[in-house]
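Student: When you get a sec, could you give me coordinates for this:
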Amino acid sequence: MSDATGHEAPEADANAWEQACAEDLAAEQARRRAQYGPPPGSAAEELRKLVDAVSEKLSGLQTPLLGAVAQGAVEQTLKQVVREAKAVVEPVIERNPDVFDHLAAAGSELLAAYRSAVEGQERRWTRGEDREDEGPAAGEHIDLD
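Tutor: Have a look, this model is predicted:
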């Protein structure tokens, strides 16, 4: 590769731009991790974290209204339910991690569609455009034929 003067550029300079971009990207990613914490994992990883958090919360649940014997029985039952739930969820996550990413994306799309519909309706309500759609007045005959 040659520069404007016709001299051959050293090989180290050929990758300088790529290296500078990679360094800038790494610095930006480090800055964001420091500011916002680590990025969220995949939907499957997040589901796994949720199951772990719920099981941890349930195992530490104390009910002051129950006696010591009843508390022990409830605690054992909760631990068993948590173990069974983990036994069901873990294989599904292991076999189908991409399914959870797709479900999360679909949920986001549904939320965006709902939000768009609600915002559009709110704009019409606040401008008073929806008054003719309120339906028949009290006592007015509705023709269903």
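Student: so residue 57 is in which element?
Tutor: Using DSSP states H and E, residue 57 falls within helix 43-59.
Student: Are there helices or strands packed against that helix, and which ones?
Tutor: Applying 3 or more CB pairs under 8 Å, 6 or more residues apart in numbering; DSSP states H and E, one finds that helix 43-59 contacts helix 68-95, helix 97-127. For the C-beta atoms, the positions are set from N, CA and C on the backbone; glycine is no exception.
Student: What is the subsequent helix or strand relative to the lowest-mean-pLDDT helix or strand in the chain?
Tutor: Ranked by mean pLDDT, DSSP states H and E, the weakest helix or strand in the chain is helix 11-14, scoring a mean of 66. From helix 11-14 onward toward the C-terminus, using DSSP H and E, the following helix or strand is helix 16-36.
Student: care to break the protein down by domain?
Tutor: In the assignment given by automatic domain parsing, the structural domains of the chain cover 9-39, 41-127.
Student: what's the most buried one of the ones you listed?
Tutor: For those, the stretch with the most neighbours on average is domain 41-127, a mean of 12; neighbours defined as mean count of other CB atoms under 10 Å.
Student: measure that domain end to end?
Tutor: End-to-end distance for domain 41-127: 43 Å, by CA to CA, to the nearest Å.
Student: Looking at that domain now, give me its mean pLDDT.
Tutor: Confidence for domain 41-127, expressed as mean pLDDT, is 80.
Student: quick one: contacts of stretch 86-93?
Tutor: Taking contacts as CB atoms under 8 Å, 6 or more residues apart in numbering, the residues outside stretch 86-93 that touch it are 44, 47, 48, 51, 55, 100.
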